[in-house]
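fold the stuff below for me.
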Amino acid sequence: MAELNNEIGKLTKEINQFNQENASYLSYEKRAENLAAEIKSLQGELADYNAIVDKLNTNAGLKTSKKIVSGSKVKTTKKQRRLTSFLLKNKTKRRYSNN
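Numbers count the residues shown, from 1 in each chain. Below you'll find the predicted structure:
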């Protein structure tokens, strides 16, 4: 009977040790997941900074950006004029066709 009690005691200790190790593992796993998410976020931030540095290094600074915006505005204005002209012509045609 004593041997059985000793064996039960050993098994209980092993179970307790396993439970502690398992709890530690789960804690480390959660920490690793949190750190992986933080790394991913920081990588995205680093990519943004690298893009800014690339633009600065390739002289694609504020002047270039302004030129791009200005060119886009000119194109937009031209398209607006063409659309307005088209709509006025269409409206005029409808008026004459209804009369």
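
show the average pLDDT along stretch 72-79.
Here stretch 72-79 scores 80 as its mean pLDDT.

output it as CSV, nothing but the C-alphas.
The C-alpha coordinates for stretch 72-79 follow below in CSV (Å, rounded to 0.1, in the frame of the first residue of the first chain):
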residue,chain,number,x,y,z
SER,A,72,-3.9,66.9,-61.8
LYS,A,73,-5.8,70.1,-61.2
VAL,A,74,-5.3,71.2,-64.8
LYS,A,75,-6.4,67.8,-66.2
THR,A,76,-9.5,67.9,-63.9
THR,A,77,-10.4,71.4,-65.0
LYS,A,78,-10.1,70.4,-68.7
LYS,A,79,-12.3,67.4,-68.1
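
now the helix or strand where F86 lies, how far from the centre of its chain.
When elements are assigned from DSSP states H and E, F86 belongs to helix 62-98. Relative to its chain's centre, helix 62-98 lies at 35 Å (Cα atoms, centre = their mean, to the nearest Å).

buried ones in it, by neighbour count?
Neighbour-count burial for helix 62-98, counted by 16 or more other Cβ atoms under 10 Å, picks out no residue. Just so you know, the C-beta spots here come from the backbone N, C-alpha and C atoms, and that holds for glycine as well.

distance between the host helix or strand of A36 and the chain's centre?
Element membership for A36 (DSSP H and E) is helix 2-57. With Cα atoms, centre = their mean as the basis, helix 2-57 stands 24 Å off its chain's centre.

what angle do that helix and helix 62-98 make?
80 degrees (axes from the mean of the first three to the mean of the last three Cα atoms, to 10 degrees).

name the helices or strands packed onto helix 2-57?
If contacts are counted by 3 or more Cβ pairs under 8 Å, 6 or more residues apart in numbering; DSSP states H and E, helix 2-57 sits against no helix or strand.
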